[in-house]
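Participant: curious how this folds, go ahead:
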Amino acid sequence: MPKSNASIDIESSDESKGKTPLIGDGKEKTSGLKKVMGICDFVLRLAAIIAALVAAATMGTSDETVPFFTQFFQVQASYDDLPTFRFFVIAMAVLAGYLVLSLPFSVSTMLRPNILILRILLFFLDIVVLSLSTASASAAAAIVYLAHSGNPNTNWQAICQQFGNFCQKVSGAVVASFVAVVFLMLMVLLSGFILLKNAKK
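Facilitator: Next up, the predicted model:
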């Protein structure tokens, strides 16, 4: 009889030892998932930096001079003729600068995924720059639409037939800005998902 009890105790201890690695594996998977999300956040920030810099540089170098009737009279179109385009360049430069400064914090959250303060800070700041970028991109898109199509009701003539290169540049800048906005939206969604998973624990 004593031998049977000893065997039962050995089996129960073996079962308890067998359950321990499962808990450890779950924690390792969660930690690995957080690191993967941190890497995705870092990559999205790099992509958004490139898109914002392309948008700011393209808009900032958009100007064209065309002759008006004769070569002695010329008309110039430049981005700084319109306050909306100036606001666009400033907003994209601010966005790029913010994203560059946020890279070290993104690396910190990637190496130490359990630090929630940095993640919450980045989450709110990302929302702020997302709002700024969306506003500037939408305003610039409205001006670009008027440059291509005009508005007969207000006698605003389309200028893209005369300033083709100018319109191509500003249109490309607007497209690049919306690409940056999409990357920002993905970053906000990713940060929100990470915070939600931490809140459920």
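
Participant: which phi and psi values does residue 151 adopt?
Facilitator: Reported as degrees, to the nearest 10, the phi and psi values for residue 151 are phi -150, psi 100.

Participant: just list whatever residues bridge to it.
Facilitator: Residue 151 has the following beta-bridge partners by DSSP bridges: residue 156.

Participant: that one and residue 36: what is the separation?
Facilitator: As judged by C-beta to C-beta, to the nearest Å, residue 151 and residue 36 stand 49 Å apart. (Glycine included, C-beta is placed from N, CA and C.)

Participant: could you list the low-pLDDT ranges of this structure?
Facilitator: Along the chain, segments meeting pLDDT under 70 span 1-32, 65-75, 113, 199-201.

Participant: 90 instead, please
Facilitator: Segments of the chain classed as low confidence (criterion: pLDDT under 90) are 1-39, 61-82, 106-120, 146-167, 191-201.

Participant: residue ranges for the strands of it, please.
Facilitator: 63-68, 70-78 (DSSP state E).

Participant: burial count for residue 191?
Facilitator: For residue 191, the count of nearby residues is 21 (other C-beta atoms under 10 Å).

Participant: equivalent analysis for residue 185, please.
Facilitator: Taking other C-beta under 10 Å as the neighbour definition, residue 185 ends up with a count of 16.

Participant: walking through this protein, point out its helices one by one.
Facilitator: Taking DSSP state H as the criterion, the chain contains helices spanning 2-60, 83-111, 116-149, 164-200.

Participant: so which of these gets nearest residue 76?
Facilitator: helix 164-200 (9.2 Å; C-beta to C-beta).

Participant: and the angle for the closest one with helix 83-111?
Facilitator: Angular relation of helix 164-200 and helix 83-111 on a 0 to 180 degree scale: 40 degrees, by axes from the mean of the first three to the mean of the last three C-alpha atoms, to 10 degrees.

Participant: helix 164-200 packs against which elements?
Facilitator: On a contact count with 3 or more C-beta pairs under 8 Å, 6 or more residues apart in numbering; DSSP states H and E, helix 164-200 meets helix 2-60, strand 63-68, helix 83-111, helix 116-149.

Participant: list the contacts of residue 184.
Facilitator: 48, 95, 126, 129, 130, 133 (C-beta atoms under 8 Å, 6 or more residues apart in numbering).

Participant: the last one - how many residues pack around it?
Facilitator: The number of residues packed near residue 133 is 27, by other C-beta under 10 Å.

Participant: contacts only, for it.
Facilitator: 52, 91, 92, 95, 177, 180, 181, 184.

Participant: try the third one
Facilitator: Counting by C-beta under 8 Å, 6+ apart, residue 126 makes contact with 102, 184, 187, 188, 191.
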